[in-house]
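Engineer: Sharing a sequence plus its predicted fold:
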Amino acid sequence: MYGPRAIVKILKPLLLGLLVMSAAANGARADSKYALVFLGERLWAGDVRAISLGSNMQLVEDSLALQYNPATLASARKFTFGVTGYFTMDKGKSADYEETDASSKVSSFVVGFPVMSRISLGLGYRGKTDATANFVTERETEDGDEYGEFFNRSGGLTSFPMYAAVRVARYLQLGGYFSVERGTFENRWDIIFANPTWNSAESTQQWSLSGTGFGVGVVIKAPGGVSLGATYDGEVEYDTSVEERFEVLFPDGSTYPISDKNYKQTTLVPERWTFSGAWRFHRLFSIYGTYSTSDFTQFVGLSFPQDRLYREEMMSGGFEYLKGVPIAGARVPIRVGGTYIKQPYDSPTGSRIETILFEFGLGLKLRSGRGKIDLALQGGTTGDLANNLIENRMFRVYVGINGAEIWQRHRKDDF
Amino acid sequence: MVITRSRIFLAVLAAVVGFLACGDSDDTPLGSEFIADDLLGSKPGVVFDDSIDVSGDTVYTYYPLIDRATYLETGIQKGYQRTTLLRADFSTAGADTDRTVDTALLFPIIIDYVDYVNQLRARFLQLGTEYNEGDSVAVLDTTTVIPDPDTGAKERDLAFGTLSYELPSALVQGWITGDSVNNGIAIVYSETGDKLMGFDSREGARISHPRIQVGFDDGGDPTNYFVTDDGFYTRPLSSTSELVISDGFVRRIYFQVDLSQVDDSAAVHDARVVFNFVPNSVFGANQNVFLYVPNSSDPDDPGFLVGRGVVPRTLDPASGVLELPLTNVLLLILSGEVPDNGFVLRWEQENIEVRQAEFYTSAHVSLKPKVYITYSTPADFEE
């Protein structure tokens, strides 16, 4: 483990790197072309250690890890915070085109704190989906005037959960959350001519979603190093305001509104069940598994055709070598994982879309146990050329920083 | 090499920065495949390229004179005849009303200028209707010739260097006493060929203002009665069936654009109207024209004469066409912000010189005026 000085020494270049990476990455660019459709691309906004063990892993025995399953918060022994960010490069490919985009994001920030001997509370921000992507089609009028049809999509879903968890017994933790759910999706079409003196046209449709959610979770610690967990995320009904407008953009940058339309809808994101298991079968080794499903045929909203929706299924598995390997004078645990997702919508060909991810991770922990830095590398594909017309290959680097400090109340385990 | 913690992180950072910095490639149509089956939830607007024949193109004529220029003209040039009108003010005659006129001399100061001839034959005619500066004169109303009192000749040989021309003393006596109606004098060109003579106007230097100098038989000082109302009346010698804007004889071109085939909610990217010049039909020093949307489509309504300016342009006859941008005004017409009253093309400033430009009308198959418009409809968003 590393001492505080070493962590500070490590954090310096890391923070510098964050700044440089933020500048290098164009935030408006896409993560993946699959962000163009439906709710956008799923964000992995959990603990980075858990991500490296299978992107959707929800049951890692780690008092500093603030995971999706609210019951895991009961493990927090001190005031704990965790922030996760990632840097991504996606290469999209079709039969005719290839495009590479890069961007960076902070996907979650969560704090947790014990308030009573067995009870912990928490709150934070978790990105749920990212719908940022674009494309441009170059065209020509009958008279030979060149113009581009630009489509930009941005936004996504975000959750602001408030957690409560209780350690009922040594082997049982329960948790729940209430969340304020927000979302925006902006679809924008621009028609821009090559002649800079010509007017451009912009059509914008903006969906503003507002709702509340709730969920519950349980963690059971069975004998023999086995842990089992389950999470239920309730259906979220969003009040949705839709604003459409059409305007002319003059060459000097000013605009002229032509038409607008406002209406309200309801967006319904269906419930989700997640089941996780972990087995520390040796002092130095653990294996993990998670299955998650949500029936998106129950989804309503965003103008997405109902007959193109399916049940989403996710399976993740991971392996962790706790003793790890010696790097720079300390032992660093090694984590590997894999994730398979059957996406809840299909491709233009009508074929289902599959995502396959592989993860690799390292962790650095403060000697005092008050902090950690996790790094996860994630690579994989969504869709394939033969079946889905578009294939997205991605490579992501996740960085998670977690810290803990005694704050008012220090958890005293009475078990 | 020793692997240190800092080096590990720096290596990772370098890799991440490297792929982020080099990661973005040019945008492509990749992703447009999702438009199919409404997976994207929207479709782009459609871009149209249309050409629309102008309709209702016609010429309206107005009858103000060129009355603010520092010169007056009589004669014929480039197919337009000019007639100088002068009216002196005798309202200040006072004691002269009791005096007897002995001589009356008209001083129209002839200009020696390259555009003008030094000699020209003309007649002085009395006006049948009083001319006041600023008046519109649809038809020149002249009554009797004012002959040379010395020779009785109706024709006057005007020449540079001759400062004054005699008027009948009885006629001027009547103007002074008020016994005769003083409507003014017209100096009418009486030859046939192209000749043009210029006179200084009352807008010029005072020393050369046109005037009537009256001498009396009492041997006293003569009195100068200055011209207070002057201008020159201009008419084309032949008519044209083409579209014409002219000055002196003010004509404006009116036309309409039928936008019924264009979606009201369209965004206009570019639009222009193109007129084809009639060859060799353009003359005049000042070639600035101006297009406006009249406040009224009724040519008899005063609102037809004024409106919302669209664009000024300088004519370029060598190009063969006059192209006037209509992009934003058509956008405003489609949205209802500007009334669809048609368009009027006129000289940017009128009544400053005799000039004209002719364009082919919509009766011509290939040379008719046309509006070229590129517009797009809004994107189609699924609800």
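Structural biologist: Looks like it came in fine.
Engineer: in stretch B:303-322, what's buried?
Structural biologist: For stretch B:303-322, a neighbour-count test (16 or more other CB atoms under 10 Å in any protein chain shown) marks B:Phe304, B:Leu305, B:Gly307, B:Val310, B:Val311, B:Arg313, B:Leu315, B:Pro317, B:Leu322 as buried. All C-beta atoms are positioned from the backbone trio N, CA, C, and that covers glycine.
Engineer: can you pull up the bridge partners for the closest residue to chain B within chain A?
Structural biologist: Going by CB to the nearest CB, chain B is nearest to A:Ala102 of chain A, at 2.9 Å. For A:Ala102, the beta-bridge partners are A:Met89 (DSSP bridges).
Engineer: how deep is it tucked in, by neighbour count?
Structural biologist: As a burial measure, A:Ala102 scores 25 neighbours (other CB atoms under 10 Å in any protein chain shown).
Engineer: Need the per-residue pLDDT for it.
Structural biologist: Looking at A:Ala102, its pLDDT reads 87.
Engineer: Surely it and A:Phe87 touch.
Structural biologist: Yes: contact criterion CB atoms under 8 Å: A:Ala102 and A:Phe87 qualify, at 7.5 Å.
Engineer: those helices in the stretch 251-400 of chain A, which residues are they?
Structural biologist: If DSSP state H, counting those that start in this stretch is used as the criterion, the helices of the stretch 251-400 of chain A fall at A:385-388.
Engineer: Contact residues of it facing chain B?
Structural biologist: By CB under 8 Å from any CB of the partner chain, the residues of the stretch 251-400 of chain A that approach chain B are A:256, A:258-259, A:263, A:265, A:302-305, A:308, A:327-330, A:345, A:348, A:375, A:389-390, A:395, A:397.
Engineer: about what we covered before: dump the buried residues of stretch B:303-322 to JSON lines, plus secondary structure.
Structural biologist: Shown next, in JSON lines, are those (DSSP: H, G, I helix; E, B strand; the rest coil):
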{"residue": "B:Phe304", "secondary structure": "helix"}
{"residue": "B:Leu305", "secondary structure": "coil"}
{"residue": "B:Gly307", "secondary structure": "strand"}
{"residue": "B:Val310", "secondary structure": "strand"}
{"residue": "B:Val311", "secondary structure": "strand"}
{"residue": "B:Arg313", "secondary structure": "strand"}
{"residue": "B:Leu315", "secondary structure": "coil"}
{"residue": "B:Pro317", "secondary structure": "helix"}
{"residue": "B:Leu322", "secondary structure": "strand"}
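Engineer: what's the most distant pair in those?
Structural biologist: Pairwise distances across these peak at 27.5 Å for B:Phe304 and B:Pro317 (criterion: CB to CB).
Engineer: Residue of the stretch 51-200 of chain B closest to chain A, please.
Structural biologist: For the stretch 51-200 of chain B, CB to the nearest CB, closest residue to chain A: B:Ser51, 9.0 Å.
Engineer: For that residue, give me its contacts.
Structural biologist: By CB atoms under 8 Å, 6 or more residues apart in numbering or on different chains, the residues touching B:Ser51 are B:Lys370, B:Val371, B:Tyr372, B:Ile373.
Engineer: Check those residues one by one and keep those near chain A.
Structural biologist: Applying CB under 8 Å from any CB to the contacts of B:Ser51, those adjacent to chain A are B:Tyr372.
Engineer: domains in chain B, as residue ranges please.
Structural biologist: Per the record's domain assignment (automatic domain parsing), chain B is made up of the domains B:47-62+B:249-381, B:71-236.
Engineer: For A:Asp47, find the nearest of these.
Structural biologist: Among the domains of chain B, the nearest to A:Asp47 by CB to CB is domain B:47-62+B:249-381 (38.3 Å).
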